[in-house]
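A.B. asks: with the input below, show me the fold.
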Amino acid sequence: MNLIISILLITTALSLVLAVVSFWLPQMNPDAEKLSPYECGFDPLGSARLPFSIRFFLVAILFLLFDLEIALLLPLPWGDQLYNPVGTLLWASAVLVLLTLGLIYEWIQGGLEWAE
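C.D. replies: Residues are numbered from 1 along each chain as shown. The predicted structure follows:
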């Protein structure tokens, strides 16, 4: 218990010291030249704020979601060493069912259709 309290005190003190020091450091005030876009020494050919298809964003979010759910299954080989390997199997089955239901839902909603 003493170790936990000392670690909490050290991390709190370190956080406070870093917060106080950040106010003493000089503020960076970039001028218009530093904020302008830079393309290998040439003037920019067009605006950097062009719109892009929302499909790219949707596919990226879906990839992250399903990738995180699959990452939950990575420690599964060590699950058979637990007291209740049947519980591990049920947990893994629940994650796989959730992953499959999410994929079916996105497919039905048309989130995976690239062309409209």
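A.B. asks: count of neighbours near L112?
C.D. replies: 13 (other CB atoms under 10 Å). From N, CA and C alone the C-beta is placed, and that goes for glycine too.
A.B. asks: pLDDT at it, what is it?
C.D. replies: You'll see L112 listed with a pLDDT of 79.
A.B. asks: which one is it nearest to, not counting chain neighbours?
C.D. replies: E106 (5.7 Å; CB to CB, 6 or more residues apart in numbering).
A.B. asks: counting by contacts, list what the strand or helix carrying R55 packs against.
C.D. replies: Using DSSP states H and E, R55 sits in helix 54-71. Packed against helix 54-71 by the contact rule (3 or more CB pairs under 8 Å, 6 or more residues apart in numbering; DSSP states H and E) you find helix 85-109.
A.B. asks: in stretch 84-98, what counts as buried?
C.D. replies: T88 (16 or more other CB atoms under 10 Å).
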